[in-house]
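Asker: what shape does this take:
(one chain, ligands or ions: 1)
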Amino acid sequence: METMKSARKTESGDIGSDLSEQVKAATKDSHVRAENTQLMLSYQKGHITLPQYKVLLCSLHEIYKALEDELDRNSSHPAVAPIYFPQELARLETLEKDLEHFLGSGWRKRVVVPAATHRYAQRLRQIGKERPELLVAHAYTRYLGDLSGGQVLGKITQKSLGLSSQEGLSFFSFPGVTSPNRFKQLYRSRMNGIELTAEERAAVLEEAVAAFELNIQVFDDLQKMLSVTTEAVDQSAGNVVRTATFPSLPIVGLCVALTTIGLGIYSL
Ligand code: HEM
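Answerer: Coordinates of the predicted model:
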């Protein structure tokens, strides 16, 4: 197997031959773009509202359902097994708990996601079937992002929504991970141990950039949905959350009655 020794130089120095370093370098610009989407900027300013957060949870549910279905199905694939940590990382159940908390027991019938979320989930299912070695790019993008920004975002969410307890915030909690930094190191070393041909490695790097792009598109789609309402509020010169209709949104089974959306956010 090839290990691709050619190192590129950046302002921060040698990237080296480790997959984890190469992925980080390849997605550096995409990360800056993701951080600077309007939705992420709003989130960081603490401008998230409950209706907005519910819509975000719906999209995350769709994404993690596809990601974790495919990781589970391919858990013994040589490029998946080393980075398969369902006990420590799985988010699907936490999202379901949070959705039930915020939307009630009928939440499954009330989820709506924008087209970009649907495309993201489709991509995950496609590579899970056709090129499972690319799943590492998606798992890296979501889970290492969750572990990196999760604690801070959890606190911002709690404050923004005025929640007095941790209820509804399971998504940000990783009880199986004692130290996110140490776990990230372990995860990177597992990534670095995956044997890939040069072609596969190049495809993983490309897929990681695509994974960030899919996230950016989800944020932008959510932002567009939310801005419909913002305009309505602006016009009424009030602070009341208005009814918003999104005729182009495909309904994915369940949903948030999108009758009350302000503006919104992400996760990492
Ligand atoms: C509110 C916006 C965001 C902020 C403030 C933020 C901040 C950060 C910070 C501080 C780190 C740690 C960097 C380091 O350890 O060197 C990080 C890492 C990371 N973030 Fe974000 N992030 C944001 C959005 C996102 C999004 C939207 C994604 C992808 C969906 C993402 C994916 C990642 C990944 C994969 C890492 C791990 C990088 C690595 O160590 O290889 N982040 N982020």
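
Asker: where's whatever residue of the chain ends up closest to the ligand, which helix or strand?
Answerer: Going by C-beta to the nearest ligand atom, the ligand is nearest to residue 145 of the chain, at 2.7 Å. Quick note: C-beta positions are derived from backbone N, CA and C, even for glycine. Here residue 145 sits within helix 145-161, counting by DSSP states H and E.

Asker: let's see that helix as CSV, backbone CA atoms only.
Answerer: Below are the C-alpha coordinates for helix 145-161, written out as CSV (Å, rounded to 0.1, in the frame of the first residue of the first chain):
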residue,chain,number,x,y,z
GLY,A,145,-16.1,19.2,14.7
ASP,A,146,-18.6,18.2,17.4
LEU,A,147,-15.7,17.4,19.8
SER,A,148,-13.9,20.6,19.0
GLY,A,149,-16.7,23.1,19.2
GLY,A,150,-19.3,21.1,21.1
GLN,A,151,-18.6,22.3,24.6
VAL,A,152,-18.7,26.0,23.7
LEU,A,153,-21.7,25.6,21.3
GLY,A,154,-23.5,23.7,24.0
LYS,A,155,-23.1,26.6,26.4
ILE,A,156,-24.0,29.2,23.8
THR,A,157,-27.2,27.1,23.0
GLN,A,158,-28.1,26.8,26.6
LYS,A,159,-27.7,30.6,27.2
SER,A,160,-29.4,31.6,23.9
LEU,A,161,-32.4,29.4,24.6
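
Asker: so what's the residue count around the residue of the chain closest to the ligand?
Answerer: Number of residues near residue 145 (other C-beta atoms under 10 Å) recorded here: 20.

Asker: check contacts around the nearest residue to residue 189 once chain neighbours are set aside.
Answerer: Take residue 189 and drop its neighbours on the chain: the residue closest to it by C-beta to C-beta, 6 or more residues apart in numbering is residue 20, 7.7 Å away. Shown in contact with residue 20 (C-beta atoms under 8 Å, 6 or more residues apart in numbering): 140, 187, 188, 189, 191, 192.

Asker: now the last one, nearest residue through space, not along the chain?
Answerer: Distances taken as C-beta to C-beta, 6+ apart put residue 18 closest to residue 192, at 4.5 Å, once the chain neighbours are dropped.

Asker: how about that neighbour, phi and psi?
Answerer: Main-chain dihedrals, residue 18, degrees, to the nearest 10: phi -70, psi 130.

Asker: farthest-separated two in the contacts of residue 20?
Answerer: Within the contacts of residue 20, 140 and 189 form the most distant pair, 12.9 Å apart (C-beta to C-beta).

Asker: quick one, which of the two is more surrounded?
Answerer: residue 140 (23 against 12).
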